[in-house]
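K.L.:
Here is a sequence together with a model predicted from it:
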Amino acid sequence: MLDKLVGFIGSGRVARILIEGWQRTGGLPQRIIVCDPNQEAVSKLKQKLPAIEIAASAGDSAKGDIVFIAVHPPVVPSVCEQIKGQIGQSTIVISLAPKFTIQNLKGLLNGFEKICRVIPNAPSIIGAGFNPVAFSDSLTSEEKNEVKQLFEPLGEFPEVEEEKLEAYAILTAMGPTYLWFQFQALREVAAGFGLQEEAINVALKRMVCGSARTLIDSGLPPQEVVNLVPVKPLAEMEPNVIEMYKTRLPGTYQKIKP
């Protein structure tokens, strides 16, 4: 347990993923305080995670030792305006939003410099996340280590170049959404064939992990891997799916680039 007061501005999905991930993995910070103008959202989070405290304002959340800006990009300037005079000198601010660079955030926070950016990944909720981080040059090794201690229970926490964060947002933050609905459909189809839930879950996990490893670790060319299985019941759909990847994802990337 990290002996820190951790503040969240925003109580939506990302806040829930991180806080519930800490709870599940035994990594809950000593105190967590959350602010959100949507009282229904923050009350819902409180019901699910009773350990959190509810702040009266964004400024109160900003007084934590570590403060998360956990809102959608369009709301970031407004949040920074609310907290820029409230942040303590020793506070570390962690932005979870794409698009706004560390330099942008410094400007929005009146020159405040102890900032890092993380692109959170939903599997963090079970401690299996991949959460790339970029640190401001102003953070000391000790301060970076505090942030790492906070994220290590949630999964991998690689330090990357800041200009790569938006690419990770497309690959790792949004990536599960490209696959989950297919995994669930496959579970339901398999159940219809008479397989029990436990057997389906074991088989699906092994199949998904093994498939990714074969593509990446086998040393075979991608097309050769694709052709390892001769029967492809969904083959006629593959060109359409690939085309969606090649058109929609670059469009999304352009929208979130700084």
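P.N.:
Cool, got the structure. Numbers count the residues shown, from 1 in each chain.

K.L.:
Please count neighbours and contacts with C-alpha atoms only from this point.
P.N.:
Noted.

K.L.:
And Leu249, how close does it get to Val208?
P.N.:
22 Å (Cα to Cα, to the nearest Å).

K.L.:
More neighbours: which of these two?
P.N.:
Neighbours of Leu249 and Val208, each counted by other Cα atoms under 10 Å, are more numerous for Leu249; the result is 15 against 12.

K.L.:
With adjacent residues omitted, what lies nearest to Ala70?
P.N.:
Gly10 (4.9 Å; Cα to Cα, 6 or more residues apart in numbering).

K.L.:
Okay, domains of the protein per the record?
P.N.:
5-161, 175-256 (automatic domain parsing).

K.L.:
Point out the most buried one among these.
P.N.:
Highest mean neighbour count of the domains of the chain: domain 5-161, a mean of 19 (counted as mean count of other Cα atoms under 10 Å).

K.L.:
In contact with Val118, which residues?
P.N.:
Ile94, Ser95, Leu96, Ala97, Asn131, Pro132, Val133, Ala134, Leu165 (Cα atoms under 8 Å, 6 or more residues apart in numbering).

K.L.:
Out of the residues you listed, which comes closest to Leu195?
P.N.:
For those, the residue nearest Leu195 by Cα to Cα is Asn131; the value is 34.6 Å.

K.L.:
Please determine how far the residue nearest to Asn110 when sequence neighbours are not counted is located from Glu143.
P.N.:
Leaving aside its chain neighbours, Asn110 sits nearest to Lys84 (6.5 Å; criterion: Cα to Cα, 6+ apart). Per Cα to Cα, Lys84 is found 20 Å from Glu143.

K.L.:
what do you get for Val202?
P.N.:
Note on Val202: its distance to Glu143, by Cα to Cα, is 40 Å.

K.L.:
now do Thr101
P.N.:
Taking Cα to Cα, one finds Thr101 at 19 Å from Glu143.

K.L.:
Then Lys164?
P.N.:
For Lys164 relative to Glu143 (Cα to Cα), the value is 22 Å.

K.L.:
Show the end-to-end separation of stretch 160-174, please.
P.N.:
Stretch 160-174: ends 18 Å apart by Cα to Cα.

K.L.:
Going by neighbour count, list what's buried in that stretch.
P.N.:
Glu162, Leu165, Glu166, Ala167, Tyr168, Ala169, Ile170, Thr172, Ala173 (16 or more other Cα atoms under 10 Å).

K.L.:
This structure: strands as residue ranges?
P.N.:
5-9, 31-35, 53-54, 66-69, 92-95, 115-118, 129-130, 133-135, 155-156 (DSSP state E).

K.L.:
mean confidence for the third one?
P.N.:
When you say that, I think you mean strand 53-54. Strand 53-54 shows a mean pLDDT of 91.

K.L.:
picking up where we left off before, got a list of what the residue nearest to Ala70 touches?
P.N.:
Gly10 sits next to Val34, Cys35, Asp36, Ile69, Ala70, Val71 when contact means Cα under 8 Å, 6+ apart.

K.L.:
least confident pick among those?
P.N.:
Pick the lowest pLDDT in these and you get Asp36, at 88.

K.L.:
didn't it look like it was pressed against Ser43?
P.N.:
No - with contact defined as Cα atoms under 8 Å, Asp36 and Ser43 do not form a contacting pair (9.5 Å).

K.L.:
where exactly do the helices run in the stretch 51-200 of the chain?
P.N.:
In the stretch 51-200 of the chain, the segments counted as helices under DSSP state H, counting those that start in this stretch are 58-61, 76-83, 102-108, 141-151, 165-168, 175-192, 197-217.

K.L.:
who's in contact with the second one?
P.N.:
Judged by Cα under 8 Å, 6+ apart, the contacts made with helix 76-83 from elsewhere in the structure are Ile9, Ala58, Gly59, Ala62, Ile69, Ala97, Leu105, Leu108, Leu109.

K.L.:
ok, now how distant is the nearest residue to the fifth one once chain neighbours are set aside from Asn121?
P.N.:
On the basis of Cα to Cα, 6+ apart, the spatially nearest residue to Ile69 that is not a chain neighbour turns out to be Ser95, at 4.8 Å. Using Cα to Cα, one obtains 14 Å as the distance from Ser95 to Asn121.
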